[in-house]
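Q: Provided below for reference: sequence and predicted model.
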Amino acid sequence: MTRRRTVPVLVRAIAAIALATAVGGCAVGSSSGSPGASTGPRTALTVGLGYIPSVQFAPFYLADRAGYYKAAGLDVTFQNKIETDLVVLVGQGSIDIGVADGTDVIPAVSQGIPVRYIATLYGTYPSIVFAKSTSGIKTAGDLRGKKIGIPGRYGSSWIMLQALLGSAGLKPGDVTIQEYPDFGQGIAVQQGAVDAATGFANNEPIQLQLAGIETTVLHVDPVIALPGPGLIAGVSTLDAKHAAVAAFVAATLRAMNEIKTDPTKGLDAAIAAVPELVPGGAAASGRGEVPPTRATQMAILAATIAAWSGSATATKGLGAIDTDGWAKSITFMTTLGLVPNPVKVTDLVREDLLPAG
């Protein structure tokens, strides 16, 4: 998953919403042709993905390379941005669509940033706590008195950890927090420097497993259905390009469903779009990660696909938004002081961009 900046970045950025910002960044690709593609004028969409090109973005790469976007009358360009920057840029209208956590959207909208969450990508919250299986940690209650590695006291991992601890009647003061601003908490677990750490279900546990280390993973979903990464769009963009954004959502969900059925299609599309995912003869990074081979990327993609499923997507299909979970998350994040101005679910999400039926 994408590395985060601290939530206060959003506060400093509110004044920039009214400005017209020229967006730079790394363009990963643009829509290619396919048989049957629309031949009329296409609507241009700039789509912001996470900071680092990754196999987790396989649905976008597949929909692009298979021509699904072009067939829908779209001319799509990808850019890679830090997630909290994406929320601001999408609110400005400088980027049309972005990928962002629901837990970032809630405080953003509360602070006046005009974005809406329009489709769920991760039905299961991907931020987790993990530990070696030999640690004796099996439940949230087992974290009492343990040393926990975390990038910092901000963002999705910090929110998740507080919810997980709270489910066992614990507070952050009942554990020892060790911060790793360089995101080195995975190697810290591997080397025994901490007992457990926050991470992402499709990252650190996979890396450790591929290195031969079995892990225990604690998910927050049984405690509270925090809204995970999904597609967001600015209010102004939704007004001006509603049909195009809906077409983009439909094409992306089509690719997700195809990858769920045949992960190899997603892996091939990701590697074709980002060849450095499997550089020849790549060595381990020194951070406890295994070399980025095709098998490594397939393992990460498999874990990503598993995280797409959730309670809402199980009954309504991929992309479905769990509005009840959003309501509970607003209440929980308000208790943490992260929602300075009251918001309702209808202020945050739009379900009219999802395919009917």
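A: It's in.
Q: where do the domain boundaries of the chain fall?
A: According to automatic domain parsing, the chain comprises the domains 8-124+226-282+305-348, 127-218.
Q: tell me the mean pLDDT for stretch 54-65?
A: With pLDDT averaged residue by residue, stretch 54-65 scores 97.
Q: about what we covered before: nearest to R294, of the domains of the chain?
A: Relative to R294, the nearest member of these by C-beta to C-beta is domain 8-124+226-282+305-348, separated by 5.2 Å. All C-beta spots, glycine's among them, are computed from the backbone N, C-alpha and C.
Q: contacting residues around T139?
A: Listed by C-beta atoms under 8 Å, 6 or more residues apart in numbering, the contact partners of T139 are 168, 218.
Q: let me fix that: W308
A: For W308, the contacting residues are 121-124, 256, 260, 318, by C-beta under 8 Å, 6+ apart.
Q: also R42?
A: For R42, the contacting residues are 31, 70, 73-75, taking C-beta under 8 Å, 6+ apart as the criterion.
Q: can you do 7 Å?
A: Contacts here follow C-beta atoms under 7 Å, 6 or more residues apart in numbering; on that basis R42 touches 70, 73-75.
Q: pick out the residue nearest the middle of this protein.
A: Residue closest to the average C-alpha location in the chain (C-alpha atoms, centre = their mean): P229, at 3.5 Å.
Q: now that residue: phi and psi?
A: Backbone torsions for P229, taken as degrees, to the nearest 10, come to phi -60, psi 140.
Q: now it: how far from G67?
A: According to C-beta to C-beta, to the nearest Å, P229 and G67 sit 25 Å apart.
Q: my read: the residue nearest to the centre of the chain touches T103, true?
A: No: with the criterion set as C-beta atoms under 7 Å, P229 and T103 do not qualify as a contacting pair; they are 9.5 Å apart.
Q: who touches the lengthiest helix in the chain?
A: With secondary structure taken from DSSP state H, the chain has its longest helix at helix 242-261. Contacts made with helix 242-261 from outside it, assessed by C-beta under 7 Å, 6+ apart, are listed as 43, 45, 58-60, 62-63, 68-69, 72-74, 97, 118-119, 231, 233, 237-238, 265-266, 305, 308, 318-319, 353-355.
Q: so which of those sit within helices?
A: Among those, DSSP H puts 58-60, 62-63, 68-69, 237-238, 265-266, 305, 308 in helices.
Q: dump the domains of the chain to CSV, plus distance to A295.
A: Putting the domains of the chain into CSV (distance: least, C-beta to C-beta, whole Å) gives the following:
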stretch, distance to A295
domain 8-124+226-282+305-348, 9
domain 127-218, 8
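Q: nearest spatial neighbour of P263, skipping sequence neighbours?
A: L301 (5.6 Å; C-beta to C-beta, 6 or more residues apart in numbering).
Q: so that neighbour is in which element?
A: helix 294-308 (DSSP states H and E).
Q: angle of that helix against helix 242-261?
A: Using axes from the mean of the first three to the mean of the last three C-alpha atoms, to 10 degrees, the direction of helix 294-308 lies 120 degrees away from that of helix 242-261.
Q: gap between helix 294-308 and the chain center?
A: 14 Å (C-alpha atoms, centre = their mean, to the nearest Å).
Q: and what of stretch 300-313?
A: Chain-centre distance of stretch 300-313: 11 Å, with C-alpha atoms, centre = their mean.
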